[in-house]
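Peer 1: Need coordinates for the below:
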Amino acid sequence: MQTEEAEIRGHVLATFEVWSRGDARAFAALFAPEVDYVTFDGGLARGRAEVERAHAALFATVLRGTSLRGEVTDVRTIGEDAAVAHAIGGAVWPWQRGIPADRLSRQTYVLVRAGEGWTITAFHNTRVRPLPRPESLAFKLFAWFVRLRLRLRGAIG
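Peer 2: Residues are numbered from 1 along each chain as shown. Sure, this is the predicted structure:
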């Protein structure tokens, strides 16, 4: 018998597998009927049926032929019947060798026990966009702009 962590990792990795087959129904089946699914751009799908409809349209058009690549980075149980998992990865088209830097995303999964296995009850996907380092020109210019705006509004002297 698999450990809880292995079961949860397997469930999350199953989302990658069925995505890569372009199977919206199998993808949505990995989520709870009442799932809250937040997309990388802040969109919200409520419920398994909405997740299936949205992914069927995506797999038939702009995400046709993509594979979902990545890894589960950590799993933490919350009591006996809930867990949080994080993954990092992204969609890759057949002509690409790896995940494009501008498409790298981090996902948070909230899973609950469902019968003998697990289901995803909440999902959040966000693009990885590191802030510029404090010594970079971009950071310094933005800091200057913020100080200027604050000074113009009288918020600082």
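Peer 1: Now tell me what touches the host helix or strand of Thr121 from outside.
Peer 2: Using DSSP states H and E, Thr121 sits in strand 117-127. Applying CB atoms under 8 Å, 6 or more residues apart in numbering, the contact partners of strand 117-127 are 7-8, 11-12, 15, 30-32, 34-40, 83, 102-112. Every residue, glycine included, has its C-beta placed from N, CA and C.
Peer 1: Mind listing the strands that strand pairs with, and their directions?
Peer 2: Applying DSSP bridges, strand 117-127 is found paired with strand 31-38 (parallel), strand 105-114 (antiparallel).
Peer 1: Work out the gap between it and the centre of the chain.
Peer 2: 8 Å (CA atoms, centre = their mean, to the nearest Å).
Peer 1: I'd like the mean pLDDT over that strand, please.
Peer 2: Averaged over strand 117-127, pLDDT sits at 97.
Peer 1: State the phi and psi torsions of Cys133.
Peer 2: No Cys there; residue 133 is Arg. The phi and psi values for Arg133, taken as degrees, to the nearest 10, are phi -70, psi 150.
Peer 1: hmm, back to that, can you list the strands paired with strand 117-127 in CSV and add mean pLDDT and mean neighbour count?
Peer 2: Shown next, in CSV, are those (pLDDT from 0 to 100; neighbours: other CB atoms under 10 Å):
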stretch, mean pLDDT, mean neighbour count
strand 31-38, 98, 18
strand 105-114, 98, 19
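Peer 1: Mind putting those strands into CSV with distance to Gln96?
Peer 2: Shown next, in CSV, are the strands paired with strand 117-127 (distance: least, CB to CB, whole Å):
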stretch, distance to Gln96
strand 31-38, 25
strand 105-114, 15
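Peer 1: Now the residue lying closest to Arg113 once chain neighbours are set aside. Its backbone dihedrals?
Peer 2: The shortest distance from Arg113 to any non-neighbouring residue, by CB to CB, 6 or more residues apart in numbering, is to Asp81 (4.1 Å). Dihedral pair for Asp81: phi -120, psi 20, per degrees, to the nearest 10.
Peer 1: just Val12 next, same as before
Peer 2: Torsion angles, degrees, to the nearest 10, at Val12: phi -60, psi -50.
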